[in-house]
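Colleague: What follows is a protein structure lacking sequence information:
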């Protein structure tokens, strides 16, 4: 699998894409509005110095924040990273 990722990354780079490292943690109130019920999808964490945090569910919210903070209108990028979903997958439906 490592060789496969290496080939994929090499292809992205050959075409001018860059990777962007985004945080694993997100503010809980940002994700609630995007993904629905907290208990079913989002891993919420304890209060962290006055802010409720959670683990990222996908890579969309951190990427959107990166674009907005850096005033980027167009970019070639790739990202291979872990995401954290709090769900009960049904193996018979193809997820395990």
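Modeller: All right, it came through fine. Computed from a predicted structure; not experimentally measured.
Colleague: Going by C-alpha atoms from here, please, whenever you check contacts or count neighbours.
Modeller: Will do.
Colleague: helices and strands of this structure: which one has the lowest mean pLDDT?
Modeller: When each helix and strand of the chain is scored by mean pLDDT, DSSP states H and E, helix 38-41 comes last, with a mean of 64.
Colleague: Quick check: end-to-end length of stretch 63-76?
Modeller: 12 Å (CA to CA, to the nearest Å).
Colleague: Could you point out the helix or strand that follows the least confident helix or strand of the chain?
Modeller: strand 44-47 (DSSP states H and E).
Colleague: Summarise which helices and strands that following strand is packed against.
Modeller: strand 52-55 (3 or more CA pairs under 8 Å, 6 or more residues apart in numbering; DSSP states H and E).
Colleague: The strand it packs on: what's the following helix or strand?
Modeller: Note on strand 52-55: by DSSP H and E, the next helix or strand toward the C-terminus is helix 60-69.
Colleague: what does that next one rub up against?
Modeller: 22-23, 26, 31, 73 (CA atoms under 8 Å, 6 or more residues apart in numbering).
Colleague: Of those residues, grab the buried ones for ChimeraX.
Modeller: In ChimeraX, a selection of the buried entries from those looks like this (16 or more other CA atoms under 10 Å):
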select :26,31
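Colleague: With pLDDT and distance to residue 67 as added columns, please give the contacts of helix 60-69 in CSV.
Modeller: Output for the contacts of helix 60-69, formatted as CSV (pLDDT from 0 to 100; distance: CA to CA, whole Å):
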residue, pLDDT, distance to residue 67
22, 89, 11
23, 88, 14
26, 83, 16
31, 77, 17
73, 91, 7
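Colleague: of the contacts of helix 60-69, closest to residue 84?
Modeller: residue 26 (11.4 Å; CA to CA).
Colleague: Next one: that closest one from residue 65, what distance?
Modeller: 11 Å.
Colleague: distance of residue 53 from residue 21?
Modeller: Separation of residue 53 from residue 21 (CA to CA): 18 Å.
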